[in-house]
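# have a look; sequence and predicted model below, questions after that.
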Amino acid sequence: MIRLVRSMTGDHPARAVLVGSNDPEAGGLRKAGDLGVPSFAIDHRPFKGDREAFEDALYARLAEAEPDILCLAGFMRILTPGFVSRFEGRMLNIHPSLLPKYPGLHTHQRAIDAGDGEAGATVHLVTAELDAGPILGQARVAVKPDDSADSLAARVLVQEHRLYPQVLRRFAAGNLDRLDLAEL
């Protein structure tokens, strides 16, 4: 989130208007404020599994800011098709694998366990199907023989910070062409 907000300056075709979280203790909320971006949290826990009620509250707060694009970054809640449809074609997500490989969780360990020679990150449009939307960009990293899930995750994160701002800039300018980055 910080990389995205910091990238949206100068001639960038987008500006950050709001940062939201489902965790009132998320460190990004304070960091957003430090960057001059309003923030909010809708704690999902009081909704006790009523995902639609949680999403209605989330949507109400988002709608006030009238965003053109929604960028998910570390938002670890699965969104219902009803919520996703409200932002169809305008919601991006970053996922720590080379989709379509390894949707969901534990992606780094899954790549290591499979003996993959490379791993990485994917920015995609969000659709009702988890981690299955059209791919807008990927960044690749080599899986080293001595990698742990943590060491691989750290190297992938560096590439996520390169990839997501570049894809957002292109998307905001109307460019849907896929961007592929290699590890530096």
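Nice, I can see it.
# just for the chain, where's the confidence low?
184 (pLDDT under 70).
# that one: strands as residue ranges?
Under the criterion DSSP state E, the chain contains strands at 19-21, 39-41, 70-72, 91-95, 118-125, 135-142, 179-182.
# would you turn these into TSV with distance to Pro103 and mean neighbour count?
Backbone N, C-alpha and C define where each C-beta goes, glycine included. Converted to TSV, the strands of the chain look like this (distance: least, Cβ to Cβ, whole Å; neighbours: other Cβ atoms under 10 Å):
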stretch	distance to Pro103	mean neighbour count
strand 19-21	22	23
strand 39-41	26	17
strand 70-72	14	21
strand 91-95	7	22
strand 118-125	10	24
strand 135-142	12	21
strand 179-182	19	14
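# okay, those in a markdown table with distance to His12 next?
Output for these, formatted as a markdown table (distance: least, Cβ to Cβ, whole Å):
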| stretch | distance to His12 |
| --- | --- |
| strand 19-21 | 16 |
| strand 39-41 | 20 |
| strand 70-72 | 13 |
| strand 91-95 | 15 |
| strand 118-125 | 16 |
| strand 135-142 | 16 |
| strand 179-182 | 16 |
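# so which of those is nearest Phe47?
Counting by Cβ to Cβ, Phe47 lies closest to strand 39-41 out of these; the figure is 12.9 Å.
# tell me where the longest helix sits in this structure.
Counting residues, the longest helix in the chain under DSSP state H turns out to be helix 149-172.
# buried sites along it?
Of the residues in helix 149-172, those buried by neighbour count under the rule 16 or more other Cβ atoms under 10 Å are 152-153, 155-156, 159-172.
# just stretch 93-109 next, same as before
Buried residues in stretch 93-109, counted by 16+ other Cβ under 10 Å: Asn93, Ile94, His95, Pro96, Ser97, Leu98, Leu99, Lys101, Tyr102, Thr107, His108, Gln109.
# what's near enough to touch the fifth one?
Read it as Ser97. Counting by Cβ atoms under 8 Å, 6 or more residues apart in numbering, Ser97 touches Pro103, Thr107, His108, Arg110, Ala111, Ala119, Gly120, Ala121, Thr122.
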